[in-house]
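Peer 1: model this:
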Amino acid sequence: MAERANGRRRSVAEAASARPAGTRPPAPKFDKKTIALVYDFDGTLSPRPMQEYAFLPKIGADAAAFWAESNALSRREEADPLITYMHLMYKKAKAKGVRIDRSDLVAQGRQVEFYPGVEDWFDAVSGYVRSHAQSHGVQLRHYLISSGLMEIVEGTSIYRRFHNVFASEYWFDPYDLPFPKRVITDTGKTQYLFRINKGVEDLGESINQHMAEDARPIPFANMIYFGDGDTDVPSMAVMRKNGGHAVAVYPPGKSKGKCVELFRAHRCDFFAPADYRQGSELYRRTCLLIDRILADIRVQEERWRLGRGLGRGG
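Peer 2: Here you go, the predicted structure:
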């Protein structure tokens, strides 16, 4: 599993104190070379909501009926839809006499299915970046931002592929119903885009302090967001407004109407069927955006070097 970054950036003084006495500080270098691919989960990487693969069957709930009841309940009570579904899942489990703890949820992640090519996608795209980078030291990171459940994601075969995962999560107390510890809403997802952008991935740290654009480790221009529908509009809008990129996907062989809407509304750069295999439309269009990012990194690095030369009176 990829190491989870705590988001804490050392200060200049801390970095200096960590160097052995008598050594020179490292030569300045252009460091905006990290590319971040950021994914939604349900409907983007997986065909169905993750809860439908094991949790709902285990409590004998019909998926369509459950979501209809949850949505009606949230409207009637004017409650947040995500908190409502998280509460209703365990309310129904308790009514059925089924106890599901955190380890059970993690185990359920093994039953989650993915669109074609997802499990091989990460290596394929990483290989593409390595072979096409025009600048030394370019890194590729994958992130997940989901309103689904962290516990289930942890049990999936692709969890270890992500540099960091931001998802809704339960707080488990012994002998009591779990309650939401973290809820990631459609608009709330945008907070995590800024966390990635600013390098503040520790959720115990605030991201509200001002940070100059040139101090942010992953520029939005180096980021691509993948989503599938209306719930991804806020994230796509933030990405595009800040110079980033977005790709919309739809189930292979099914309607692409929602993606066409997003494309015409300038919410995404491209759309394609959710086929993640090499050579697919999605792979080719993602590689086009990566080519653009790699070229921009090279241009920005050359401009930085030119500016450094002028600063030395060259």
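Peer 1: when you work out contacts or count neighbours from here on, use the C-alpha atoms and nothing else.
Peer 2: Fine.
Peer 1: quick check: buried residues in the longest helix along the chain?
Peer 2: For the chain, the helix with the greatest residue count under DSSP state H is helix 281-311. Neighbour counts using 16 or more other Cα atoms under 10 Å place 281-283, 285-287, 289-291, 293-298, 301 of helix 281-311 among the buried residues.
Peer 1: ok, stretch 29-48 next?
Peer 2: Buried, per 16+ other Cα under 10 Å, within stretch 29-48: 32-48.
Peer 1: rewinding a little: give the other helices and strands that the longest helix of the chain contacts.
Peer 2: In terms of contacts (3 or more Cα pairs under 8 Å, 6 or more residues apart in numbering; DSSP states H and E), helix 281-311 is packed against helix 118-132, strand 245-250, strand 270-273.
Peer 1: residue 65: which of those is closest?
Peer 2: Closest approach to residue 65 among those (Cα to Cα): strand 245-250, 23.1 Å.
Peer 1: would you map the helices across the stretch 51-200 of the chain?
Peer 2: 55-58, 63-77, 81-95, 102-108, 118-132, 150-154, 189-198 (DSSP state H, counting those that start in this stretch).
Peer 1: which outside residues touch the last one?
Peer 2: I take that to be helix 189-198. 145-146, 166, 201, 207, 211, 215-220, 234-235, 238 (Cα atoms under 8 Å, 6 or more residues apart in numbering).
Peer 1: list the contacts for residue 141?
Peer 2: Counting by Cα under 8 Å, 6+ apart, residue 141 makes contact with 34-37, 162-163.
Peer 1: if we go to 6 Å?
Peer 2: Residues near residue 141 by Cα atoms under 6 Å, 6 or more residues apart in numbering: 36, 163.
Peer 1: how about residue 182?
Peer 2: Neighbouring residues of residue 182 by Cα under 6 Å, 6+ apart: 168-169.
Peer 1: tell me how far it lies from residue 254.
Peer 2: Counting by Cα to Cα, to the nearest Å, the separation of residue 182 from residue 254 is 33 Å.
Peer 1: likewise for residue 269?
Peer 2: 20 Å.
Peer 1: now swap in residue 225 and tell me
Peer 2: Using Cα to Cα, one gets 22 Å for the distance from residue 225 to residue 254.
Peer 1: which one of the two is surrounded by more residues?
Peer 2: Shown here are residue 225 and residue 254; by other Cα atoms under 10 Å, residue 225 has more neighbours (25 against 8).
Peer 1: the more buried one belongs to a strand?
Peer 2: Yes: counting by DSSP: H, G, I helix; E, B strand; the rest coil, residue 225 is found in a strand.
Peer 1: quickly list what it is bridged to.
Peer 2: In this entry, residue 225 is beta-bridged to residue 38, residue 246, by DSSP bridges.
Peer 1: check contacts around it.
Peer 2: By Cα under 6 Å, 6+ apart, the contact set of residue 225 is 38-39, 246.
Peer 1: what's the separation between the nearest residue to residue 31 once chain neighbours are set aside and residue 223?
Peer 2: Spatial nearest neighbour of residue 31, excluding adjacent residues (Cα to Cα, 6 or more residues apart in numbering): residue 217 at 7.3 Å. Here residue 217 is placed at a distance of 11 Å from residue 223 (Cα to Cα).
Peer 1: which one's more surrounded, those two?
Peer 2: Comparing residue 217 with residue 223 by other Cα under 10 Å, the one with more neighbours is residue 223, at 27 against 19.
Peer 1: ok, that one touching residue 243?
Peer 2: No: Residue 223 is not in contact with residue 243 according to Cα atoms under 6 Å; the separation is 8.8 Å.
Peer 1: next, the angle from the strand of greatest length in the chain to helix 118-132.
Peer 2: When the chain is parsed with DSSP state E, its longest strand is strand 139-149. Orientation check (axes from the mean of the first three to the mean of the last three Cα atoms, to 10 degrees): strand 139-149 against helix 118-132 gives 160 degrees.
Peer 1: just the buried residues of strand 139-149, please?
Peer 2: Buried, per 16+ other Cα under 10 Å, within strand 139-149: 140-149.
Peer 1: related to what we said a few turns ago, winner for burial among the helices and strands packed on helix 281-311?
Peer 2: Among the helices and strands packed on helix 281-311, strand 245-250 has the highest mean neighbour count (mean count of other Cα atoms under 10 Å), at a mean of 26.
Peer 1: tell me the helices and strands packed up against that one.
Peer 2: Applying 3 or more Cα pairs under 6 Å, 6 or more residues apart in numbering; DSSP states H and E, we find strand 245-250 packed against strand 223-227, strand 270-273.
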